[in-house]
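J.: quick one, structure for this:
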Amino acid sequence: MHSGIKQSLVTNRQGRASGQWRRAAWSLSLVAGLLFPGFAAADERLALDATQLINTIRQKLDACGEEGLLGNIQINSPAQPVSLTVKAERPLLTWNPRLATVAARHARAMAEHNFFDHTDPQGRSVGHRASDGGYRWRVVGENLAAGHESIGDAVRGWLLSTGHCQNLIDPRFVEFGVAKVQSANPFDRYGTYWVLVMGRPTGNDVAARDTNLR
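T.: Now for the predicted structure:
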C-alpha cells in the first residue's frame, strides 16, 4: 500500500491560485454530516478529533518548514483540550457541514474513478466544487492525502510539507470540513483517500456561521 500527500491549493475571490508541489504522496478522509441525524459514531469521533488536532496545531505551531516545531503535541492522540487563547492572527476553525460534504464528494470521486488531483474529471477546482456545494466563500483551500489510516497520520504528512502546513495555519481560514473514503477496489494503489477543505465565507455568511455551526 502506498501513501503520500498532494499539492496544496488556495484560491481567493480574485481567482488567483497558489500551489506548491511537495513529496509525491496521496492522503485523504471521509467525515460528512457531523450535525446530521444518523451520523455514525466513528465518523463523529473523526470529526471531533480533526477539530481538536488542527486547532491545537493552529494554536501552538510557530512556523512551517522543519520537523519538531510542535513540541509535545501528540499527533496520534488528538483528543486533547485546546485553550481558547490562540495566536491572535489564527482563529480556531469551526466545523462546516457544507465543506465536509464538498470534501467527501471529492474523496469519493477519487476513490471511484482512480485519480488523485485537485482538479476533478469535470475540470473543476476546489473553488468550483465549494460553490457548487452551496458554500459562498471569500477564500478556500484544500489539502489531499491518501493511504493513511488515521487523521493523525494524514496531518503528520501535511505538516512535513511546507505548502500543506501553511494551509493548516493560514489565518484567513475560519472553518473546515474533512473526509475519509475507503476505495471499494481491493487492488487500489492507495486504498484510502483524504480531503481537507478550509474556507472563509463571504461577509454575509459569517453571522450565520457563528449562529448555526457551534
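
J.: from here on, contacts and neighbour counts on C-alpha atoms
T.: Noted.

J.: what's the span of stretch 130-138, first residue to last?
T.: Length of stretch 130-138, first residue to last, C-alpha to C-alpha, to the nearest Å: 11 Å.

J.: start and end of stretch 174-194, how far apart?
T.: Calculated as C-alpha to C-alpha, the first-to-last residue distance of stretch 174-194 is 20 Å.

J.: can you list the buried residues in that stretch?
T.: By neighbour count with 16 or more other C-alpha atoms under 10 Å, stretch 174-194 contains the buried residues 174-183, 188, 190-194.

J.: max pairwise distance over those: which two?
T.: Greatest spatial distance among those (C-alpha to C-alpha): 174 and 188, at 34.0 Å.

J.: quickly list what residue 137 is bridged to.
T.: Residues in a beta bridge with residue 137, per DSSP bridges, are residue 201.

J.: burial of it, as a residue count?
T.: Residue 137: 19 surrounding residues under other C-alpha atoms under 10 Å.

J.: quick check: pLDDT value at it.
T.: For residue 137, the model assigns a pLDDT of 96.

J.: surely it meets residue 131?
T.: Yes. At 7.5 Å, residue 137 counts as touching residue 131 under the criterion of C-alpha atoms under 8 Å.

J.: now the strands for the chain?
T.: 4-12, 17-20, 94-95, 137-146, 175-182, 192-201 (DSSP state E).

J.: any idea which of these has the lowest pLDDT on average?
T.: Lowest mean pLDDT within the strands of the chain: strand 17-20, a mean of 36.

J.: out of the helices and strands in the protein, which is least certain?
T.: Ranked by mean pLDDT, DSSP states H and E, the helix or strand of the chain with the weakest confidence is strand 17-20, at a mean of 36.

J.: chain neighbours aside, what residue packs nearest to residue 110?
T.: residue 116 (5.8 Å; C-alpha to C-alpha, 6 or more residues apart in numbering).

J.: again, but for residue 174
T.: residue 93 (4.7 Å).
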